[in-house]
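1. Sharing a sequence plus its predicted fold:
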Amino acid sequence: MANIDAVYDLLDASYHPNIEFIESKSTYEHLIAVILSAQTTDRQVNQVLPKLFAKFPEPGDLAAADRSEVERIIHSVGFYRVKAKNIIAAARAVHERFHGQVPCDLDELLTIPGVGRKSAHVIRGAQFGLPAVIVDTHFSRVVRRLGLAESADPEKIEYAIAGQLDERRQYRFSMTVNLHGRDVCHARKPRCAACVLLGVCPRIGLPDALDDLPSKRKAAPPGA
Ligand code: SF4
């Protein structure tokens, strides 16, 4: 198992101090953006946000929106029907139950339609500066290769990491590990030889020799 603080320090030094995947102007906008970001790229989400919030700037506006109009605006993000339904319901929840203010409490966030633990932690960490372990596919893969979590279950991973890492480091750790998974520790072809964590990483589930990585094996000539 890697030392989690050593991993934190190495990644912290490797990435920009401010990592932001979503461009939002308020906590409410961030919440809607996070709901839209499921199963799609942040770039696609960032492209529809200006039009969506120009038309529906406040939670009350989106809560009262015609769903077909919202579907037209967010069409390009995929799963637009269910997402339109969810963001309208989320805006209604914020408008009616939380008086226009997105809550910071985890349990309250989880009552908002379309918001799961991952999204709730994104809001808590990015918008409120609260402890937040954000488990997505990249984070899950990297921490398991590092031996910091064993289970594939996102909630168990969240608790495993939260139990090892100081609360003040959790959000930054989530962001840098996520970026590291996108940039270096790829699902099929992790770039271990070039990885800043190579010296502390047990590379769980990967071949011992760097030369045995799937990418290298694939590149070998037939019969080699
Ligand atoms: S050494 Fe390899 S497995 Fe470990 S974090 Fe780096 S890229 Fe991922």
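-> Cool, got the structure.
2. Give me the residues contacting the host helix or strand of Val48.
-> Per DSSP states H and E: Val48 is located in helix 42-55. By C-beta atoms under 8 Å, 6 or more residues apart in numbering, the residues outside helix 42-55 that reach it are 21-25, 29, 32-33, 36-37, 61-62, 65, 69-70, 73-74, 76-78. Using the backbone N, CA and C atoms, a C-beta is placed for each residue, glycine as well.
3. for that helix, the distance to its chain's centre please.
-> 18 Å (C-alpha atoms, centre = their mean, to the nearest Å).
4. Check stretch 190-202 too.
-> On C-alpha atoms, centre = their mean, the centre of stretch 190-202 falls 22 Å from that of its chain.
5. How about stretch 144-152?
-> The answer for stretch 144-152 is 17 Å, by C-alpha atoms, centre = their mean.
6. okay, that stretch in CSV with CA atoms only?
-> Provided in CSV are the C-alpha atoms of stretch 144-152 (Å, rounded to 0.1, in the frame of the first residue of the first chain):
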residue,chain,number,x,y,z
ARG,A,144,-6.9,0.9,-6.0
ARG,A,145,-3.7,0.6,-8.0
LEU,A,146,-2.0,2.5,-5.2
GLY,A,147,-3.4,0.0,-2.7
LEU,A,148,-5.2,2.7,-0.9
ALA,A,149,-8.6,1.0,-1.3
GLU,A,150,-9.6,-2.6,-2.2
SER,A,151,-13.3,-2.5,-2.9
ALA,A,152,-14.7,-1.4,-6.2
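7. Tell me the buried residues in it?
-> 144-149 (16 or more other C-beta atoms under 10 Å).
8. Would you mind measuring from Ala89 to Arg141?
-> 31 Å (C-beta to C-beta, to the nearest Å).
9. name the helices or strands packed onto the helix or strand Ile88 falls within?
-> Ile88 belongs to helix 80-92 when assigned by DSSP H and E. Using 3 or more C-beta pairs under 8 Å, 6 or more residues apart in numbering; DSSP states H and E, the elements in contact with helix 80-92 are helix 27-36, helix 59-63, helix 67-74.
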